[in-house]
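K.L.:
just a sequence and a predicted model for now, questions to come.
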Amino acid sequence: MSITSYQSNRVLDYNFGATSYTTPATLYVGLSTTPINFDGTGATEPVALGYARVAVTNNKTNWSTAASGILSNLTAIQFPESTGSWGTITHVAVYDAASAGNMLYFEALTSSRAVPTLTTVLFAAAGFVVQMNNT
């Protein structure tokens, strides 16, 4: 996943003494049908039709310990069943709020996925990988 400029600034300020930083107690995973920019703009989440960001408690029960700049989910991340077409999902993002809020990380899916009516989107355990590169 890519880190947004918002989150990059928070982490840098924290690491270099400018501000304190409190990690969110809950992270929210969202889907997008459009590309996302590094400033966190561009995301188009499905509207209604059963869609909601998925709340994931931010702890070591749900997220692995980072190694080599990589961590993943330890529990499945499952969206509610769609009650109508959500369109074709191309991107996923992590937010600090159930709606609105700040986007922290985002990534294009390896394969886009059409989500018709009565479909459940699921990231199996270890299927949602967050990696921070130093390139």
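P.N.:
Received, thanks.

K.L.:
and the helices in this protein?
P.N.:
Per DSSP state H, the chain carries helices over the ranges 5-15.

K.L.:
which residue is nearest the centroid of it?
P.N.:
Most central in the chain under CA atoms, centre = their mean is Val94, positioned 2.4 Å from the mean C-alpha point.

K.L.:
spit out the contact partners of that residue.
P.N.:
With contact set as CB atoms under 8 Å, 6 or more residues apart in numbering, Val94 has these partners: Met1, Leu27, Tyr28, Val29, Gly30, Met103, Leu104, Tyr105, Phe106, Val130. Placement of C-beta: from N, CA and C, glycine included.

K.L.:
distance of the nearest residue in space to Ala43 that is not next to it in sequence relative to Ala18?
P.N.:
Taking CB to CB, 6 or more residues apart in numbering, and ignoring the residues beside it in sequence, Ala43 has Ser32 as its nearest neighbour in space, at 4.1 Å. Taking CB to CB, to the nearest Å as the measure, Ser32 and Ala18 are separated by 31 Å.

K.L.:
quick one on the thing from earlier: how about the nearest residue to the residue nearest to the centre of the chain, chain neighbours excluded?
P.N.:
For Val94, the nearest residue in space outside its immediate sequence neighbours is Tyr105; the separation is 4.4 Å by CB to CB, 6+ apart.

K.L.:
in this structure Glu81 contacts Val121, no?
P.N.:
No. The criterion here is CB atoms under 8 Å, and Glu81 misses it with Val121 at 9.1 Å.

K.L.:
give me the more crowded residue out of the two.
P.N.:
Neighbours of Glu81 and Val121, each counted by other CB atoms under 10 Å, are more numerous for Val121; the result is 20 against 13.

K.L.:
in contact with the residue nearest to that one when sequence neighbours are not counted, which residues?
P.N.:
Excluding the flanking residues, the one nearest Val121 by CB to CB, 6+ apart is Phe79, at 4.3 Å. With contacts defined as CB under 8 Å, 6+ apart, Phe79 is in contact with Leu31, Tyr51, Ala52, Val54, Thr120, Val121, Leu122.
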